[in-house]
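> Okay, sequence plus prediction incoming.
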Amino acid sequence: MVQSASLLSRKCDLIYFIFFAVHLPIIFLVDAVPLLPSILQTNLSHQLRSFYIETYHDKFFSEAPPAWFSTFIAMELLYHAPLSLWALGALLKDNPLVPMHLLVFGVQSFVTSSACLAEVWGWDDRSTAQKRDLTFLYAPYVLLGAFMVLDMLFRLRGTLLGKTKRE
(Lines give C-alpha, C1' and ligand atoms only; values in the text may rest on other atoms or scores of the structure.)
Protein backbone atom coordinates (compact mmCIF):
# COMPACT_ATOMS: atom_id res chain seq x y z
CA MET A 1 0.00 0.00 0.00
CA VAL A 2 1.35 3.41 -1.04
CA GLN A 3 1.30 5.99 1.72
CA SER A 4 0.24 9.47 0.63
CA ALA A 5 2.28 12.55 1.41
CA SER A 6 1.34 14.56 4.46
CA LEU A 7 -1.23 17.32 3.96
CA LEU A 8 1.40 19.79 5.19
CA SER A 9 3.62 18.88 2.24
CA ARG A 10 0.77 19.25 -0.29
CA LYS A 11 0.48 23.05 -0.25
CA CYS A 12 -2.53 23.41 -2.57
CA ASP A 13 -4.43 20.71 -0.70
CA LEU A 14 -3.58 22.45 2.57
CA ILE A 15 -5.04 25.70 1.22
CA TYR A 16 -8.18 23.84 0.11
CA PHE A 17 -8.43 22.15 3.52
CA ILE A 18 -8.23 25.52 5.32
CA PHE A 19 -10.79 26.98 2.91
CA PHE A 20 -13.30 24.17 3.52
CA ALA A 21 -12.71 24.35 7.30
CA VAL A 22 -13.63 28.06 7.20
CA HIS A 23 -16.35 27.80 4.54
CA LEU A 24 -18.40 25.15 6.35
CA PRO A 25 -19.18 27.25 9.45
CA ILE A 26 -19.87 30.33 7.29
CA ILE A 27 -22.59 28.38 5.48
CA PHE A 28 -24.41 27.56 8.72
CA LEU A 29 -23.63 30.73 10.68
CA VAL A 30 -24.23 33.38 8.00
CA ASP A 31 -25.21 32.40 4.47
CA ALA A 32 -27.93 29.77 4.90
CA VAL A 33 -29.44 30.90 8.22
CA PRO A 34 -32.87 31.81 6.74
CA LEU A 35 -33.12 28.38 5.11
CA LEU A 36 -32.36 26.46 8.30
CA PRO A 37 -35.11 25.20 10.60
CA SER A 38 -35.49 27.53 13.58
CA ILE A 39 -34.05 24.89 15.91
CA LEU A 40 -30.74 25.13 14.00
CA GLN A 41 -30.69 28.93 14.02
CA THR A 42 -28.63 30.15 16.94
CA ASN A 43 -28.25 33.50 18.61
CA LEU A 44 -24.66 33.51 17.35
CA SER A 45 -25.78 32.96 13.75
CA HIS A 46 -28.26 35.83 13.97
CA GLN A 47 -25.62 38.11 15.53
CA LEU A 48 -23.03 37.24 12.88
CA ARG A 49 -25.53 37.72 10.08
CA SER A 50 -26.61 41.10 11.52
CA PHE A 51 -22.97 42.16 11.87
CA TYR A 52 -22.34 41.15 8.26
CA ILE A 53 -25.34 43.11 6.98
CA GLU A 54 -24.51 46.21 9.04
CA THR A 55 -20.85 46.11 8.04
CA TYR A 56 -21.06 45.28 4.34
CA HIS A 57 -24.54 46.50 3.30
CA ASP A 58 -24.93 43.39 1.13
CA LYS A 59 -28.37 43.63 -0.52
CA PHE A 60 -28.37 39.88 -1.06
CA PHE A 61 -28.74 39.54 2.72
CA SER A 62 -30.45 42.76 3.78
CA GLU A 63 -33.27 42.82 1.22
CA ALA A 64 -35.34 40.18 -0.52
CA PRO A 65 -32.71 38.50 -2.68
CA PRO A 66 -33.25 37.67 -6.33
CA ALA A 67 -34.53 34.14 -6.94
CA TRP A 68 -31.21 33.09 -8.47
CA PHE A 69 -29.32 34.15 -5.33
CA SER A 70 -31.70 32.15 -3.12
CA THR A 71 -30.94 29.19 -5.38
CA PHE A 72 -27.20 29.78 -4.89
CA ILE A 73 -27.70 29.75 -1.10
CA ALA A 74 -29.74 26.54 -1.36
CA MET A 75 -26.86 25.04 -3.37
CA GLU A 76 -24.51 26.05 -0.56
CA LEU A 77 -26.67 24.21 1.93
CA LEU A 78 -27.38 21.14 -0.20
CA TYR A 79 -24.10 20.85 -2.13
CA HIS A 80 -21.31 22.95 -0.56
CA ALA A 81 -21.94 21.83 3.01
CA PRO A 82 -21.84 18.06 2.35
CA LEU A 83 -18.97 18.43 -0.10
CA SER A 84 -17.00 20.61 2.33
CA LEU A 85 -17.45 18.03 5.07
CA TRP A 86 -16.36 15.23 2.71
CA ALA A 87 -13.43 17.28 1.36
CA LEU A 88 -11.96 17.80 4.83
CA GLY A 89 -11.51 14.06 5.31
CA ALA A 90 -10.68 13.36 1.67
CA LEU A 91 -7.94 15.98 1.57
CA LEU A 92 -6.42 14.61 4.77
CA LYS A 93 -6.34 11.11 3.28
CA ASP A 94 -5.35 12.28 -0.24
CA ASN A 95 -8.42 10.53 -1.63
CA PRO A 96 -8.09 9.88 -5.39
CA LEU A 97 -11.60 11.30 -5.95
CA VAL A 98 -10.57 14.78 -4.75
CA PRO A 99 -9.77 16.14 -8.24
CA MET A 100 -13.13 15.10 -9.66
CA HIS A 101 -15.17 16.59 -6.81
CA LEU A 102 -13.10 19.75 -6.43
CA LEU A 103 -13.29 20.39 -10.18
CA VAL A 104 -17.08 20.50 -9.94
CA PHE A 105 -16.94 22.61 -6.78
CA GLY A 106 -14.45 25.02 -8.35
CA VAL A 107 -16.60 25.56 -11.44
CA GLN A 108 -19.73 26.08 -9.36
CA SER A 109 -17.98 28.46 -6.95
CA PHE A 110 -16.40 30.45 -9.78
CA VAL A 111 -19.66 30.83 -11.71
CA THR A 112 -21.94 31.68 -8.78
CA SER A 113 -19.50 34.11 -7.14
CA SER A 114 -18.80 35.80 -10.48
CA ALA A 115 -22.55 36.29 -10.96
CA CYS A 116 -22.79 37.86 -7.50
CA LEU A 117 -19.93 40.25 -8.24
CA ALA A 118 -21.48 41.27 -11.56
CA GLU A 119 -24.73 42.04 -9.75
CA VAL A 120 -22.97 43.96 -6.94
CA TRP A 121 -21.23 46.26 -9.42
CA GLY A 122 -24.59 46.94 -11.07
CA TRP A 123 -26.16 48.26 -7.86
CA ASP A 124 -26.89 51.98 -8.16
CA ASP A 125 -27.69 52.46 -4.48
CA ARG A 126 -24.30 51.40 -3.11
CA SER A 127 -21.12 53.48 -3.06
CA THR A 128 -17.96 52.41 -4.84
CA ALA A 129 -16.38 51.80 -1.43
CA GLN A 130 -19.23 49.49 -0.40
CA LYS A 131 -18.97 47.61 -3.70
CA ARG A 132 -15.20 47.32 -3.24
CA ASP A 133 -15.68 45.92 0.28
CA LEU A 134 -18.11 43.32 -1.06
CA THR A 135 -15.66 42.52 -3.85
CA PHE A 136 -13.04 41.70 -1.23
CA LEU A 137 -15.49 39.14 0.17
CA TYR A 138 -16.73 37.58 -3.08
CA ALA A 139 -13.54 37.76 -5.17
CA PRO A 140 -11.63 35.14 -3.16
CA TYR A 141 -14.34 32.61 -4.07
CA VAL A 142 -13.96 33.58 -7.73
CA LEU A 143 -10.17 33.36 -7.61
CA LEU A 144 -10.00 30.19 -5.56
CA GLY A 145 -12.67 28.61 -7.76
CA ALA A 146 -10.70 29.45 -10.93
CA PHE A 147 -7.43 28.23 -9.41
CA MET A 148 -9.09 25.05 -8.15
CA VAL A 149 -10.52 24.33 -11.61
CA LEU A 150 -7.12 24.68 -13.25
CA ASP A 151 -5.38 22.65 -10.56
CA MET A 152 -7.94 19.84 -10.75
CA LEU A 153 -7.92 19.83 -14.57
CA PHE A 154 -4.14 19.39 -14.56
CA ARG A 155 -4.36 16.66 -11.92
CA LEU A 156 -7.02 14.79 -13.86
CA ARG A 157 -5.16 15.27 -17.13
CA GLY A 158 -2.01 13.84 -15.56
CA THR A 159 -3.89 10.88 -14.17
CA LEU A 160 -5.73 10.14 -17.40
CA LEU A 161 -2.72 10.59 -19.67
CA GLY A 162 -0.55 8.62 -17.28
CA LYS A 163 -2.95 5.66 -17.47
CA THR A 164 -3.11 5.94 -21.27
CA LYS A 165 0.69 5.86 -21.56
CA ARG A 166 0.95 2.77 -19.33
CA GLU A 167 -1.70 0.83 -21.27
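On my side now, so go ahead. Numbering: from 1, shown residues only.

> what's the longest helix seen in the chain packed up against?
When the chain is parsed with DSSP state H, its longest helix is helix 128-166. On a contact count with 3 or more C-beta pairs under 8 Å, 6 or more residues apart in numbering; DSSP states H and E, helix 128-166 meets helix 11-26, helix 43-56, helix 98-120. All C-beta atoms are positioned from the backbone trio N, CA, C, and that covers glycine.

> which of those is buried the deepest?
Stretch with highest mean neighbour count among these: helix 98-120 (a mean of 18; mean count of other C-beta atoms under 10 Å).

> got CSV for the helices and strands packed on helix 128-166, with distance to Ala67 and mean pLDDT too?
What follows is the helices and strands packed on helix 128-166, written out as CSV (distance: least, C-beta to C-beta, whole Å; pLDDT from 0 to 100):
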stretch, distance to Ala67, mean pLDDT
helix 11-26, 22, 97
helix 43-56, 20, 96
helix 98-120, 12, 98
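
> hang on, the earlier thing: buried residues, the longest helix of the chain. List them.
130, 133-134, 137-138, 141-142, 144-146, 148-149, 151-152, 155 (16 or more other C-beta atoms under 10 Å).

> Repeat that for stretch 66-74.
Residues of stretch 66-74 classed as buried: 69, 72-73 (neighbour count, 16+ other C-beta under 10 Å).

> contacts for that stretch?
Under the contact criterion C-beta atoms under 8 Å, 6 or more residues apart in numbering, stretch 66-74 has outside partners 31-32, 34-35, 60, 65, 112, 115-116, 119.

> Columns distance to Leu44 on top of those residues, output as TSV?
Output for these, formatted as TSV (distance: C-beta to C-beta, whole Å):
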residue	distance to Leu44
Asp31	14
Ala32	14
Pro34	15
Leu35	17
Phe60	21
Pro65	22
Thr112	25
Ala115	29
Cys116	24
Glu119	28
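
> Kindly indicate which of those residues lies nearest His46.
Using C-beta to C-beta, Pro34 comes nearest to His46 of those, at 10.2 Å.

> Find the nearest non-adjacent residue to that closest one, please.
Ile73 (7.9 Å; C-beta to C-beta, 6 or more residues apart in numbering).

> Tell me the confidence at the one you found?
Note for Ile73: predicted pLDDT of 96.

> and the gap between Asp31 and Leu150?
25 Å (C-beta to C-beta, to the nearest Å).

> which residues touch Leu36?
Residues in contact with Leu36 (C-beta under 8 Å, 6+ apart) are 28, 45, 77.

> make that Ile53, sorry
By C-beta under 8 Å, 6+ apart, the neighbours of Ile53 are 61-62.
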